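Engineer: got a structure for you, letters missing:
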């Protein structure tokens, strides 16, 4: 997969891939989430995709089901120290499937990438005029 990252003005930085554009921005004039907030959202939504898939495969309604993600920052370093992902199920949700929801969320590809990070190769290249 290739993404094109461009700079549409101000502190905005956008990523384009396929038919999609992910817009990011920085405070104080932010018109979109920061890149880091978008990254964190990808973790929660990825867990949600796996939870949704589990429910859909079994015909379990998702009404009242939600994922709450809490990010805890280490005050000494300013870095994320802990991320809690809580799956909140409604009272009508079959209790026997609650542990399976956790196992489903644990399969999230974004989480797995964080646990086993790739190698990064950052280079520069002078683009040829169009």
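Structural biologist: Structure received. Note that the structure is a prediction, hence the values are computed from the model and not measured. Numbering: from 1, shown residues only.
Engineer: tell me the strands in this protein, going along the chain?
Structural biologist: Applying DSSP state E to the chain gives strands spanning 4-9, 12-17, 20-24, 66-73, 80-88.
Engineer: buried stuff in the longest one?
Structural biologist: Judged by neighbour count using 16 or more other C-beta atoms under 10 Å, the buried positions of strand 80-88 are 85, 87. In short, each C-beta sits where N, CA and C put it, glycine included.
Engineer: swap in the third one?
Structural biologist: Of the residues in strand 20-24, 22, 24 count as buried by neighbour count, 16+ other C-beta under 10 Å.
Engineer: Generate CSV for the strands of the chain, with distance to residue 36 and mean pLDDT as supplementary columns.
Structural biologist: Listed next are these as CSV, based on distance: least, C-beta to C-beta, whole Å; pLDDT from 0 to 100:
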stretch, distance to residue 36, mean pLDDT
strand 4-9, 15, 96
strand 12-17, 12, 97
strand 20-24, 9, 97
strand 66-73, 10, 97
strand 80-88, 9, 97
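Engineer: TSV please, covering those and showing distance to residue 47.
Structural biologist: Compiled in TSV, those are given as follows (distance: least, C-beta to C-beta, whole Å):
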stretch	distance to residue 47
strand 4-9	25
strand 12-17	21
strand 20-24	19
strand 66-73	6
strand 80-88	5
